[in-house]
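> predicted model and sequence follow; I will ask about them next.
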Amino acid sequence: MKKKPLQVLRETVGLAVLTAVVGGGLTLGVRQAHAGVFGEGRILGTGGVTTVSGAAGGGIVPWALIGGYGDNKQIGYTAFYTNLATPNYLFNAYGGSVGIANRVEISLTKQTLGLGNTANFLDTELGAPAGSNAPFQNGADLSQDIVGLKVRLFGNAIYQQNTWLPQVAFGVQYHRNNNLGFGRGANLLEVLGTKSQGTSYYLAATKIWLDGIFGHTTLLDIDVDATRANQNGLLGFEGFHNSRYHYEPEVSAGVFLNRHVVLGGEYRAMPQNQLVGNNPTGNALSKTNAWKDLYVAYIPNKNFSVTFAYAMLGQVATIRNQSGLYTSITASF
């Protein structure tokens with residue numbers, strides 16, 4: 001039985017609360033024995049929020065910051081849930097991460113894309129057989145699992161204020177698409193001409209100015225993403241006769257209006273692989289646009305943050321103008 005978004009949200013929040021209770025007791029015991037292996041030694045906001053792929057950063061762009069608030073002798077961890085509703089799709093993501101010594105971040109994420117009543121339209125566009133052999137079917141979900149690893153290479157975004165040197169991190173994300181045997185006898189990824197697994201790499205550079213724009217703390221992040229994913233992997237990887245990596249730019253910026261509120265925007269270029277074949281249907285299905293958003297993040301304390309955004313995804317699987325409200329919560333410990 002498929003879980004409804006609210007049910008997933010309740011389970012994720014419940015997991016976060018349980019983790020906080022158990023982790024709090026564990027942290028107390030460890031502090032007594034080992035001077036705080038688990039802890040929150042970094043200052044507020046330096047763990048970022050959580051991207052849709054599970055890495056610490058903005059909403060759609062990973063930053064060079066390491067998730068959680070553990071300092072260079074501590075372990076921090078997070079849990080998150082994200083929901084995005086566009087006119088034709090419903091996107092959900094949830095998962096968690098572990099940050100080790102403010103150096104290494106390991107994340108695990110589950111993503112789903114609900115097709116709603118667009119599924120029959122997509123089947124018609126693909127010329128698929130009706131009924132149980134159709135690759136999409138009404139009310140179906142596309143889903144994938146993402147395992148991420150991020151390593152801070154050098155720099156410190158906060159404490160190196162007397163230099164332009166940013167904090168730089170290298171990240172790897174392994175995606176496994178779960179739609180290989182979609183429907184009865186239908187193979188969605190074969191229909192699309194894509195593969196079920198893929199690995200993306202990115203290099204992120206993040207700089208924070210404590211005395212930035214109009215005296216407010218200001219953040220700028222620039223990434224280069226090497227990927228073969230279609231719509232971040234939800235439509236598989238690579239395409240017909242195309243297995244090369246695309247190198248795409250990503251930018252994220254934010255201004256802290258005060259210690260607890262961040263206002264900003266993001267841009268993430270998306271690759272375009274040829275799906276289905278070189279024909280009008282394949283060309284329409286292959287069309288992608290850069291993802292963009294305008295966001296406000298509220299970080300009342302180190303244990304909780306919530307992000308609201310207006311996300312603009314452009315064309316997704318032939319359907320144009322997919323924009324909508326984005327909500328994400330992150331619990332950090």
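Great, that's in hand. All values reported here derive from a predicted model rather than from experimental measurement.
> surely Leu108 meets Ser97?
Yes: counting by CB atoms under 8 Å, Leu108 does reach Ser97; the two are 7.5 Å apart. From N, CA and C alone the C-beta is placed, and that goes for glycine too.
> overlap in contacts of those two?
In terms of CB atoms under 8 Å, 6 or more residues apart in numbering, Leu108 and Ser97 are both contacted by the residues Gly54, Gly148.
> neighbour count winner among those two?
Taking other CB atoms under 10 Å, Leu108 and Ser97 do not tie; Ser97 has more neighbours (26 against 14).
> where's the more buried one relative to Leu257, distance?
To Leu257, Ser97 is 26 Å away according to CB to CB, to the nearest Å.
> kindly report the same for Leu235.
Leu235 is 37 Å from Leu257, by CB to CB.
> between those two, who's got more neighbours?
Leu235 (25 against 13).
> shouldn't that one be within a helix?
No: using DSSP: H, G, I helix; E, B strand; the rest coil, the secondary structure at Leu235 is coil, not a helix.
> what separation do you get for it and Thr227?
With CB to CB as the criterion, Leu235 and Thr227 are 13 Å apart.
> one more: Thr206?
20 Å.
> one more: Thr217?
Distance from Thr217 to Thr227, counting by CB to CB: 31 Å.
> go on, Gly171?
Distance from Gly171 to Thr227, by CB to CB: 11 Å.
> same thing with Thr82?
20 Å.
> the more surrounded of the two?
Thr82 (28 against 22).
> got the contact list for the more buried one?
Thr50, Val52, Gly59, Phe91, Asn92, Ala93, Tyr94, Tyr326, Thr327, Ser328, Ile329.
> which one (most neighbours) among those?
Busiest of the contacts of Thr82 [other CB under 10 Å] is Thr50, holding 33 neighbours.
> nearest residue to it in space, please, no chain neighbours.
Nearest residue to Thr50, sequence neighbours excluded (CB to CB, 6 or more residues apart in numbering): Phe80, at 4.0 Å.
> and stretch 289-308, what's buried?
Asn289, Trp291, Lys292, Asp293, Tyr295, Ala297, Ile299, Lys302, Asn303, Ser305, Thr307 (16 or more other CB atoms under 10 Å).
> now do the SS call for the fourth one.
Looking back up the chat, that one is Asp293. Going by three-state DSSP: Asp293 is strand.
> count the neighbours of Phe80 for me.
27.
> on that earlier part again, list residues touching both of Leu235 and Thr227?
By CB under 8 Å, 6+ apart, no residue touches both Leu235 and Thr227.
> quick one, strands of the stretch 151-300 of the chain?
167-177, 197-209, 218-227, 246-256, 261-268, 291-301 (DSSP state E, counting those that start in this stretch).
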